[in-house]
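Participant: with the input below, show me the fold.
(chains A and B)
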Amino acid sequence: MMTLAKKWWITLLVLVLVTVGSAFGLAYILYEKLYVDSVKEELVSAAEKLAYDYEGGELNQTFVDQVNWFSEKSPFEAFAVRNPRELAACIPYEADYETLIGPEEREKLLQNKRIEETGYSERFEREILSVIFPLLEDRKLKGIIYVYVPLERMDELASSLIIYWAAGAIALIGFLLLAGMKWIRHLTKPLKDMQSAAVRLSKGDYSARVPERSHDELGLLARTFNEMADAIETEDEQRKTFLATVSHELRTPLSYIKGYSEAALKGLDGQEKQLAIIHRESVRMERLVNDLLELNRLDSGKMNVEKTPLPLAETVYRTVETFQAAAGNKKIDFQLKIDADIIVNGDEDRLEQVMTNIIDNAIRYSEEGGTIQMTLLQEKEKAKWIVRDNGAGIPAEDLEKVTDRFYRVNKARTRNDGGSGLGLSIVKQIVELHNGELTIESTAGEGTTVTVALPAIT
Amino acid sequence: MKRIMIILLFLAGCSQTSYTPVKENEFAAVLNIREPGLTFVDNDGSVISEWVFDELYTGGVLFPDGDTLLLYGTELDEAVLFSIRKGKELDRWEVPSGVTGAAYIEETDEVALSVKEDRSVHFFQADGKEIKSVRTGKYPMTMVEYNEKLYVINYQDTVLSEMNVHTHEVEREFAIPTSSAGLAVDESKKELWVGGHGYAADAGETIHIYSLETGSLTATADAPVMPVAFAGDNGFMYTVSHGSNMIHAFNPGREKVAEAEAPANPFTIASFAGHIISAGYDSGELSYYEKETLTLQKTIKIGEGPFMIFVKEGGMDGARLNR
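Facilitator: Purely as a prediction, here's the structure:
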């Protein structure tokens, strides 16, 4: 497998080679530009000075000797040419041998321009740097001054430098690659950590975490990973708790049913009471199971919410009506303040369920002779249904959790109040499905205010 | 029918490039190579007309009628015939590529073209039909016709071929130096003058003179450096040396009687209406000299790269072809 570290390493290798190569190229260009150019300049100057000595007319032997003498004494090779055959004078006749200069060069020289060349010369059988200067009289090319220096001489000079250069380059490449390898290992460490942590997570070890070393993208990734792991762990714990709670909740009515049915079978006294208890507990179980199913549907998004424009006041009246009997038993007084014009986009059955659950809670936790105030009003674009009781209230530390499943404020009171512990969870889910908001405010001993805010149709 | 003919003629006239007609009875036409064209001059040293070509012609021959000019190019596979008087193209002949020289043979009314590719001389009828080709030597080039014989210099060879113009056979070979160029017949002495560039890097300085009767070298004449063209007139022989930019005059006794500086890098010389003229390839100039004394009379600017001169009603004698 081509690991990320390998890819990075190859990238680094390529980068290092390109960098070193370009540096070499640059150095060579500089050498060529500075050194070769300076030599060329000297050649031009020498050729020019030699050409000054030509005073017109035929090129005589004295002049030729003079140039030869210069050639002997100077670091350059120099000679004067007067042979017209060498000077490509026979063009356009086809030459049967290699002339010293070609037709293009002759043309240039005739225009009194010098020629500078770098390259292989067949005549001298080596690489040379040469300068040719014309000796003109009117438009007649009487001869040329040819000054050159073999390039090997310059390359020799450069070769000693190249050894240092190559050594430096190898050392640099080695260092960069070693350092790069360490650095890449350092960089990929968090990724490896994360991978092994992910493996542990997938095998069910939810305590797996990675160290958050840096503040860069990898650090951020590690942090996000840990958050994810936290979330999974919490979810797992919640699931376990939920299961435990559900079992527990089911076991209590079951044990009642089992105990009293055994008593009934044995023919113990008070059969009517026993049956009444068995019936009560089966009803509780039925409700619990129904609520669980409902919640599960809400959770998995299978709950169909069919929204239609809905006059909310009607729903409130109808729901309150169903509680009249229960409220009458506890002598609880309903005080309604309803704005009949409010219309929301919602599912009537679901919203009725929300109201039922909330009013049920209010009645359940109110003392005898309590009051339940119910207000329906519109604030800007929100319809608010507010239910305020003056019952037991909820302690501040529990307030946040009352919408959690099976959470009960009064643990001791548990099953005697008859609730499944899932009501507010269901309410919250339904309200959220309507893009609404559930707010619960309470002071222990003074009462509770539940507000359901839904988007209103205006 | 007549109308159609006129239209056809009109169309034909349109499709051909036309040039300024040259109606003068006396002119010298200089063939330029660097900027392909012809420059016509009169004997006063004035330019009469200038023709510009799209194709590069490297040589040619003026027919004895003084009007028809055949031009060829070494890289072309066509030779083109122009009428100078009408200023237009007459015909195109299909020729082998690599033509290096041309000569008109008056006895048979044929045109001989030397071709370097197949080392042969090709003979054409006046209507452009090829009759025969005969192998001569390596790189046949300069040709001159005299007394029913065609003399051919083989530039990269060491032989000069003498051909019978009727049988087209090579009858005799002369031993000459390689890189020979420039050929002229001295009718009075029945001699053949051969110039040249010299071998390899050595520049030739000598004219070799051969007897037409024996075929052997009879004399040499010094004409440094690189005599490559001749013009004969009234027993005098004029030669141009491109290596030293000099022209030389030899009297009938083969003695050098005069010399003068020529325009830069001259390849051609001709006798024209009482003058000797020579053009410099590098300088694009044409100079007029007095006969025999070679006193410079005039130098005029002509086209770029003059290489060959064709003369009408001048000394079109022994040195008809000036190469």
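Participant: just checking, next helix/strand downstream of the lowest-mean-pLDDT helix or strand in chain B?
Facilitator: Averaged element by element with mean pLDDT, DSSP states H and E, chain B has its least confident helix or strand at helix B:2-15 (a mean of 46). Sequence-wise, the next helix or strand beyond helix B:2-15 is strand B:27-32, with elements assigned using DSSP states H and E.
Participant: what helices or strands is that following strand leaning on?
Facilitator: Under the contact definition 3 or more Cβ pairs under 8 Å, 6 or more residues apart in numbering or on different chains; DSSP states H and E, strand B:27-32 sits against strand B:37-41, strand B:59-62, strand B:266-272, strand B:306-312. The C-beta positions use only the backbone N, C-alpha and C, and glycine is treated the same way.
Participant: so what strands line up beside it?
Facilitator: strand B:37-41 (antiparallel), strand B:306-312 (antiparallel) (DSSP bridges).
Participant: and the first one, average pLDDT?
Facilitator: To tie it back to what came earlier, the one meant is strand B:37-41. Strand B:37-41 carries an average pLDDT of 95.
Participant: please compute how far that strand lies from its chain's middle.
Facilitator: Taking the mean C-alpha point of strand B:37-41 and that of its whole chain, the gap between them comes to 15 Å (Cα atoms, centre = their mean, to the nearest Å).
Participant: what's the angle between that strand and strand B:266-272?
Facilitator: With axes from the mean of the first three to the mean of the last three Cα atoms, to 10 degrees as the criterion, the two stretches strand B:37-41 and strand B:266-272 enclose an angle of 40 degrees.
Participant: need the longest helix for chain A.
Facilitator: Criterion DSSP state H: the longest helix present in chain A is helix A:151-202.
Participant: tell me what angle the next helix or strand after it forms with helix A:151-202.
Facilitator: Next in sequence after helix A:151-202, counting helices and strands by DSSP H and E, comes helix A:217-265. Here helix A:217-265 runs at an angle of 10 degrees relative to helix A:151-202 (the same axes, to 10 degrees).
Participant: so which bits of the helix or strand just after helix A:217-265 are buried?
Facilitator: Toward the C-terminus, helix A:217-265 is succeeded by helix A:271-300 as the next helix or strand (DSSP H and E). Buried residues in helix A:271-300, counting neighbours by 16 or more other Cβ atoms under 10 Å in any protein chain shown, are found at A:274, A:277-278, A:281, A:284-285, A:287-288, A:291-292, A:294-295, A:298.
Participant: stretch A:110-125 now?
Facilitator: When neighbours are counted by 16+ other Cβ under 10 Å, the buried residues of stretch A:110-125 are found to be A:Leu110, A:Arg114, A:Ile115, A:Ser121.
Participant: keep only the residues you listed that also lie close to chain B.
Facilitator: A:Leu110 (Cβ under 8 Å from any Cβ of the partner chain).
Participant: in strands, which of the buried residues of stretch A:110-125 fall?
Facilitator: Secondary structure assignment (DSSP state E) places A:Ile115, A:Ser121 from these within strands.
Participant: which one of the buried residues of stretch A:110-125 sits closest to chain B?
Facilitator: A:Leu110 (5.4 Å; Cβ to the nearest Cβ).
Participant: residue contacts, the closest one?
Facilitator: A:Pro134, A:Leu136, A:Arg139, A:Leu141, B:Ala264, B:Asp282 (Cβ atoms under 8 Å, 6 or more residues apart in numbering or on different chains).
Participant: 7 Å instead, please
Facilitator: If a contact means Cβ atoms under 7 Å, 6 or more residues apart in numbering or on different chains, then A:Leu110 has A:Arg139, A:Leu141, B:Asp282 as its contacts.
Participant: what do you get for A:Ala222?
Facilitator: The contact partners of A:Ala222, by Cβ under 7 Å, 6+ apart, come to A:Pro190, A:Met194, A:Val210, A:Glu212.
Participant: and for B:His242?
Facilitator: The contact partners of B:His242, by Cβ under 7 Å, 6+ apart, come to A:Pro84, A:Ala89, B:Met226, B:Val228, B:Asn265, B:Pro266, B:Phe267.
Participant: would you list the phi and psi of it?
Facilitator: Its backbone dihedrals place B:His242 at phi -80, psi -20, with angles given as degrees, to the nearest 10.
Participant: look at it and report its pLDDT.
Facilitator: With respect to pLDDT, B:His242 scores 89.
Participant: and the gap between it and B:Gly280?
Facilitator: B:His242 sits 9 Å away from B:Gly280, going by Cβ to Cβ, to the nearest Å.
Participant: overlap in contacts of these two?
Facilitator: When contacts are counted by Cβ under 7 Å, 6+ apart, the set common to B:His242 and B:Gly280 consists of B:Asn265, B:Pro266.
Participant: most packed of the helices and strands packed on strand B:27-32?
Facilitator: Scoring the helices and strands packed on strand B:27-32 by mean neighbour count under mean count of other Cβ atoms under 10 Å in any protein chain shown gives strand B:266-272 as the most buried, with a mean of 28.
Participant: for stretch A:130-148, measure first residue to last.
Facilitator: Using Cα to Cα, to the nearest Å, the end-to-end distance of stretch A:130-148 comes to 4 Å.
Participant: next, residue 124: phi, psi?
Facilitator: In the absence of a named chain, chain A is used. Its backbone dihedrals place A:Phe124 at phi -100, psi 0, with angles given as degrees, to the nearest 10.
Participant: before we move on, the earlier item: A:Lys49: which of the contacts of A:Leu110 is nearest?
Facilitator: Closest approach to A:Lys49 among the contacts of A:Leu110 (Cβ to Cβ): A:Leu141, at 19.7 Å.
Participant: is it true that the closest one touches A:Leu109?
Facilitator: Yes: with contacts defined as Cβ atoms under 7 Å, A:Leu141 counts as touching A:Leu109 at a distance of 5.8 Å.
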